[in-house]
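**Student:** model the following, please.
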Amino acid sequence: MSEKRYFRQQAPFRVPTTDGKLIEEHIGLASTHTPQYSVAHMVAPPQWSEPHQTPAFDEITLIVRGRKRFEVDGDVLELGAGESLLIKAGARVRYSNPFAEECEYWSICVPAFNPDTVNREAE
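**Tutor:** Sure, this is the predicted structure:
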């Protein structure tokens, strides 16, 4: 029998965090050792933020519920449920949820998210 040409994810890799954010990687380096792309489900708690970064990968964010703020190369955008955003590799970006409710979203990175290529700035 040949190798199956699909993969059913039933136990995504839960990324350990210290800031209250839920990160479940379904496909990517940590979960399936896939370097080409990653797909993660996330929930950012109210008042959450992270430092600026300049990733070496494209990132698509799809908002499911709540709102999320993006600072991209000096522009500030706020997205809500049903909206999406593509941020291209090399952009200086800061993600945050300064709002009173959680923000649930999906993130797709091409190539896959890699802590070595996210290039986070010191706070």
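**Student:** drop to CA atoms for contacts and neighbour counts, all remaining ones
**Tutor:** OK.
**Student:** next, count neighbours for residue 6.
**Tutor:** 6 (other Cα atoms under 10 Å).
**Student:** same check on residue 17?
**Tutor:** Residue 17 has 9 neighbours, counted by other Cα under 10 Å.
**Student:** do the same with residue 42
**Tutor:** For residue 42, using other Cα under 10 Å, the count is 20.
**Student:** for it, which residues are in contact?
**Tutor:** For residue 42, the contacting residues are 21-24, 104-107, by Cα atoms under 8 Å, 6 or more residues apart in numbering.
**Student:** one more pass at 7 Å, please.
**Tutor:** 22-24, 104-106 (Cα atoms under 7 Å, 6 or more residues apart in numbering).
**Student:** where does it land on pLDDT?
**Tutor:** For residue 42, the pLDDT comes out at 98.
**Student:** which strand or helix spans the nearest residue to it once chain neighbours are set aside?
**Tutor:** With sequence-adjacent residues excluded and distances taken as Cα to Cα, 6 or more residues apart in numbering, residue 42 is closest to residue 23, at 4.7 Å. For residue 23, the element it lies in under DSSP states H and E is strand 22-27.
**Student:** need the helices for the protein, in chain order.
**Tutor:** Using DSSP state H, no helices are found in the chain.
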